[in-house]
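> I'd like to go over a predicted model; first the sequence, then the structure.
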Amino acid sequence: MNPPCARCKKIVYPTEKVNCLDKYWHKACFQCETCKMTLNMKNYKGYDKKPYCNAHYPKSSFTAVADTPENLRLKKQSKLQSQVQYKEDFEKNKGKGFSAVASTPELERIKKNQEIVSNIKYHEEFERSKGTSAASAERRNSQEYRPQPERNPGYQQQAPSQQEPPSQVYNPPAATSYAPPSTGKRFRAVYDYSAADDDEISFQDGDLIVDVQQIDEGWMYGTVERTGDTGMLPANYVEAV
């Protein structure tokens, strides 16, 4: 007998059945409990036998600490130290730009690969332009030099008006250099998203997001190609191209 859906309570037939969290769901009913986004077996997270998306997965709560005089003093001291450290870091990094992505082993590996690809592309273009310049110079020299035929005693020089016009020297165009292509990851938005903070970006379903870098399991950093906006975005709203 076909079981009922855990959300709409209607019968779930085998062709549209999702068996997850010890329950049965229609594919369209397997949604996030908070934002109602349709989920699948790859991007859902279960909590209390209910499905959630990565952005709305319930966070673990911590035990509250009583506000004793000692705890209040430590809290105030920590706050002062944080402000002092923040001011020192701000003064130290002033004028060096802003980077929202922390330096991780994965980002270091991507940066190293980009440098290697850039060096290889530069050497290829250099060798290609050097070969083109050498061939152009050889062709130019062969055109400039033309052996004169031997004259016999009975040869009469033609009048100036009947002489052949001087040959023109061929100047080949300079070799064009090409910039190495971007090696950043490319993703396509599968849902609309509106930025909830100043360091986030908004995009629409189908937008192409380039130069994407993974920050953690739930967030990325990239640029929307349509608008040119750069910032953070939720990882479960996009898919790799």
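Perfect, thanks for sending it.

> Show me how the chain divides into domains.
Domain ranges of the chain: 1-57, 103-139+170-182, 185-240, per automatic domain parsing.

> These: lowest mean pLDDT?
Of all the domains of the chain, the minimum mean pLDDT falls on domain 103-139+170-182 (a mean of 69).

> which SS class is the residue nearest to the spatial centre of the chain?
Nearest to the mean C-alpha position of the chain, by Cα atoms, centre = their mean, lies residue 211 at 1.7 Å. Put simply, residue 211 is strand when judged by DSSP: H, G, I helix; E, B strand; the rest coil.

> before we move on, back to that, CSV please, covering the domains of the chain and showing distance to residue 79.
Where C-beta positions appear, they are placed from N, C-alpha and C, glycine not excepted. Formatted as CSV, the domains of the chain follow (distance: least, Cβ to Cβ, whole Å):
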stretch, distance to residue 79
domain 1-57, 29
domain 103-139+170-182, 27
domain 185-240, 22
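
> Any idea which of those domains gets closest to residue 91?
domain 103-139+170-182 (20.6 Å; Cβ to Cβ).

> hmm, back to that, what sits against the residue nearest to the residue nearest to the centre of the chain when sequence neighbours are not counted?
Counting by Cβ to Cβ, 6 or more residues apart in numbering, residue 211 lies nearest to residue 184, which is 3.4 Å off, once chain neighbours are set aside. Shown in contact with residue 184 (Cβ atoms under 8 Å, 6 or more residues apart in numbering): 210, 211, 212, 213, 222.

> just the buried members of those?
Buried subset of these (neighbour count, 16 or more other Cβ atoms under 10 Å): 212, 213, 222.

> quick one: which of those is nearest residue 20?
For the buried ones among the contacts of residue 184, the nearest to residue 20 is residue 212 (28.5 Å; Cβ to Cβ).

> is that closest one in a bridge, and if so with what?
Note on residue 212: beta-bridge partners residue 185, judged by DSSP bridges.

> just checking, it touches residue 201?
No. Using Cβ atoms under 8 Å as the test, residue 212 is too far from residue 201 to be in contact (11.3 Å).

> Are there residues contacting both of those two? Which ones?
Joint contacts of residue 212 and residue 201 (Cβ under 8 Å, 6+ apart) are residue 222.
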